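Undergrad: Please find the sequence and the predicted model below.
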Amino acid sequence: MTKHVVRAYAAAAAVLVLFLAWAVISANPWATPEAKVDQRLTALNTREAALRREAVQVQRLVKRRETVYRIRLASRNRQIAQIEQAHQRDVAAARAAAARAYTAPSVSVVRLPAVTVTRTS
Amino acid sequence: MERREIQAMGTTVEMFVDAAAGEAVARAFDEACAEIERLEALLSRFRSESELSRLNRRGRLRAGDDLFAVVALALQARASSDGRFDPTVHDAMVAAGYDRTFDDVPAEAPPPPGAAAPGGGEFRIDPDRREITLGPGVRLDLGGIAKGYVVDRVAERLAAVGPCLVNAGGDIRIAGPARRDPWPVGVEAPGEPLVIGLHEGAVATSGRDRRRWRRGGDEQHHLIDPSIGRPADGDLRTVTVVAEDACRAEVLAKSLFLRGAREARVEADALGVPCVLVTDDDRVVLAGGLS
């Protein structure tokens, strides 16, 4: 064999070794399957924890707003009740005044020519 | 006796002053005419820029003295009449076809699309803020009381120059110094002419013998029964009432009209409201101590 042929075989072998090594490294045979699952779980756990924190914050906010709303609603209901009571008092007073204060003017049928006429207005 | 007549509020307004002609009386008549025009411009539902129309559009308004006074009187009248007088029948009036000045209401037309609209709508007044608030969808028609208010205000002005009588289309108010003879006021009634004499007070007539029209063949009139939201049925044609002022007379006349002949007579006698009831079958009944 000539020197050139030996070199060609050596180069081909080196290329083969290189591809084999690349394939082995890419396959990552030393990494356990548990390690891959752990990473995803970790991410999920992190996300869950963040969501729980957010949920607690939202619940606190909703509770605060509900408390404020209930306080305002109670205040408004009290105002409405006061207005309604005042209205009922006014109505009762108006009825009493109407019943008490009516004093019809003196009037009688007369035999005089009318100066004007009342009719449906 | 001095007399002035003008057209206003969709009717003829007559003013009489029992005094000698002179500058003071002429000026009083001029001022009275201006006052009528001013109040009509505020209180008419047919004028889009009236204070009442603005209230009806906005639902809440800080009102001037006159609108506030009339609405307060209307609120009181609704309470004292157990709802038979009710200014919240605006939409019922429109639904019946009375949606423009009466002269422009067609005598016969198809029925309008609006449904019957009972009264009882909410409205409130706040005397401290002079504010009127209407409930959702509520609009006021002060036609049943505003004319009386105008007549009262004008008569009180004219009273400064002598005994006076103001008649706005049948709503009459007498004011001023007492005369020796009563003011003779004719009442439209079948049969012999009926004339009543008053030294003071007011007279008003409500009925369905005028301001009538037809929609879809059915007769309509301007006296809405708030309990049903349609023109009132009943056996009365007209009711004429004597009261201390024209606002009150208007409210009582309508309230008694809605009662019907038998109950109106009972109520008039019980309250001592002098009145003339004319029934559909041409009977004339005097009640409330009138004789």
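TA: Received, thanks. The structure displayed is predicted, hence computed values, not measured ones.

Undergrad: ok now do residue B:2, which residues does it touch?
TA: Listed by CB atoms under 8 Å, 6 or more residues apart in numbering or on different chains, the contact partners of residue B:2 are B:16, B:17, B:19, B:20, B:21, B:25, B:29. Heads up, the C-betas are built off the backbone N, CA and C, glycines and all.

Undergrad: Which one of those residues sits in the busiest neighbourhood?
TA: residue B:17 (26 neighbours; other CB atoms under 10 Å in any protein chain shown).

Undergrad: In contact with the nearest residue to residue B:62 once chain neighbours are set aside, which residues?
TA: Excluding its sequence neighbours, the residue lying closest to residue B:62 (CB to CB, 6 or more residues apart in numbering or on different chains) is residue B:131, at 5.0 Å. By CB under 8 Å, 6+ apart, the residues touching residue B:131 are B:60, B:61, B:62, B:63, B:125.

Undergrad: List just the nearest of those residues to chain A.
TA: Proximity of these to chain A (CB to the nearest CB) peaks at residue B:125, which lies at 9.1 Å.

Undergrad: Pretty sure that closest one sits against residue B:68.
TA: Yes - Residue B:125 lies in contact with residue B:68 (CB atoms under 8 Å); the separation is 6.8 Å.

Undergrad: Mutual contacts of these two, please.
TA: residue B:132.

Undergrad: returning to what we had before: which one of the contacts of residue B:131 has the most neighbours?
TA: Going by other CB under 10 Å, residue B:63 tops the contacts of residue B:131 with 23 neighbours.

Undergrad: Just list the residues touching the nearest residue to that residue once chain neighbours are set aside, thanks.
TA: Leaving aside its chain neighbours, residue B:63 sits nearest to residue B:132 (5.2 Å; criterion: CB to CB, 6+ apart). Neighbouring residues of residue B:132 by CB under 8 Å, 6+ apart: B:55, B:60, B:61, B:63, B:67, B:68, B:71, B:123, B:124, B:125, B:126.

Undergrad: want to throw those residues into TSV with pLDDT and secondary structure?
TA: Listed next are those as TSV, based on pLDDT from 0 to 100; DSSP: H, G, I helix; E, B strand; the rest coil:
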residue	pLDDT	secondary structure
B:55	97	helix
B:60	96	strand
B:61	96	strand
B:63	96	coil
B:67	97	helix
B:68	97	helix
B:71	96	helix
B:123	93	strand
B:124	93	strand
B:125	95	strand
B:126	94	strand
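
Undergrad: Pick the one among those closest to residue A:38.
TA: Residue A:38 has its nearest neighbour among the contacts of residue B:132 in residue B:60, at 67.0 Å by CB to CB.

Undergrad: that older thread, just the pLDDT for the residue nearest to residue B:62.
TA: Residue B:131 carries a pLDDT score of 96 in this model.

Undergrad: Could you do the one 10 residues further on as well?
TA: As summarised for this prediction, residue B:141 has a pLDDT of 93.

Undergrad: and the residue lying closest to it once chain neighbours are set aside, how many neighbours?
TA: Spatial nearest neighbour of residue B:141, chain neighbours left out: residue B:90 (4.0 Å); criterion: CB to CB, 6+ apart. Residue B:90 has 25 neighbouring residues, counting by other CB under 10 Å.

Undergrad: try the one 5 residues further on
TA: Summarising burial for residue B:95: neighbours were counted as other CB under 10 Å, giving 22.

Undergrad: For it, give me the backbone phi and psi.
TA: Here is the backbone geometry of residue B:95 (degrees, to the nearest 10): phi -60, psi -30.

Undergrad: That one contacts residue B:117, correct?
TA: Yes - contact between residue B:95 and residue B:117 holds when scored by CB under 8 Å: they sit 5.6 Å apart.

Undergrad: And the residue of the stretch 1-150 of chain B that's closest to chain A?
TA: For the stretch 1-150 of chain B, CB to the nearest CB, closest residue to chain A: residue B:80, 3.3 Å.

Undergrad: May I have the host helix or strand of residue B:252 exported as PDB, CA atoms only?
TA: Using DSSP states H and E, residue B:252 sits in helix B:246-259. Taking C-alpha atoms only, helix B:246-259 is exported to PDB below (Å, rounded to 0.1, in the frame of the first residue of the first chain):
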ATOM      1  CA  ALA B 246    -108.300  77.300  41.200                       C
ATOM      2  CA  CYS B 247    -105.600  74.700  41.600                       C
ATOM      3  CA  ARG B 248    -107.700  73.000  44.300                       C
ATOM      4  CA  ALA B 249    -110.900  73.300  42.200                       C
ATOM      5  CA  GLU B 250    -109.200  71.700  39.200                       C
ATOM      6  CA  VAL B 251    -108.000  68.800  41.200                       C
ATOM      7  CA  LEU B 252    -111.300  68.200  43.000                       C
ATOM      8  CA  ALA B 253    -113.300  68.400  39.800                       C
ATOM      9  CA  LYS B 254    -111.100  65.700  38.100                       C
ATOM     10  CA  SER B 255    -111.100  63.600  41.300                       C
ATOM     11  CA  LEU B 256    -114.900  63.700  41.600                       C
ATOM     12  CA  PHE B 257    -115.300  63.000  37.900                       C
ATOM     13  CA  LEU B 258    -113.400  59.800  38.200                       C
ATOM     14  CA  ARG B 259    -115.600  58.700  41.100                       C
END
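
Undergrad: any chance you could map the helices in the stretch 101-250 of chain B?
TA: B:146-158, B:246-259 (DSSP state H, counting those that start in this stretch).

Undergrad: taking those helices together, which one is wrapped up most tightly?
TA: Greatest average neighbour count among these goes to helix B:246-259 (a mean of 28), per mean count of other CB atoms under 10 Å in any protein chain shown.

Undergrad: what about stretch A:104-114, near chain B?
TA: Yes - residues of stretch A:104-114 contacting chain B under CB under 8 Å from any CB of the partner chain: A:104, A:105, A:106, A:107, A:108, A:109, A:110, A:111, A:112, A:113, A:114.

Undergrad: I'd guessed residue B:250 sits against residue B:148; true?
TA: Yes - the pair residue B:250 / residue B:148 is scored as a contact, 4.0 Å apart, by CB under 8 Å.

Undergrad: Need the residues touching each of the two.
TA: With CB under 8 Å, 6+ apart as the test, residue B:250 and residue B:148 both reach B:171, B:204.

Undergrad: quick one: contacts of the lengthiest helix in chain B?
TA: Selection of the longest helix in chain B by residue count, based on DSSP state H, yields helix B:23-43. Defining contact as CB under 8 Å, 6+ apart, one finds that helix B:23-43 is touched by B:2, B:4, B:6, B:8-9, B:13, B:15, B:17, B:19, B:47, B:49-52, B:64, B:66-67, B:70, B:142, B:146, B:149-150, B:153-154, B:157-158, B:160-162, B:166, B:168.
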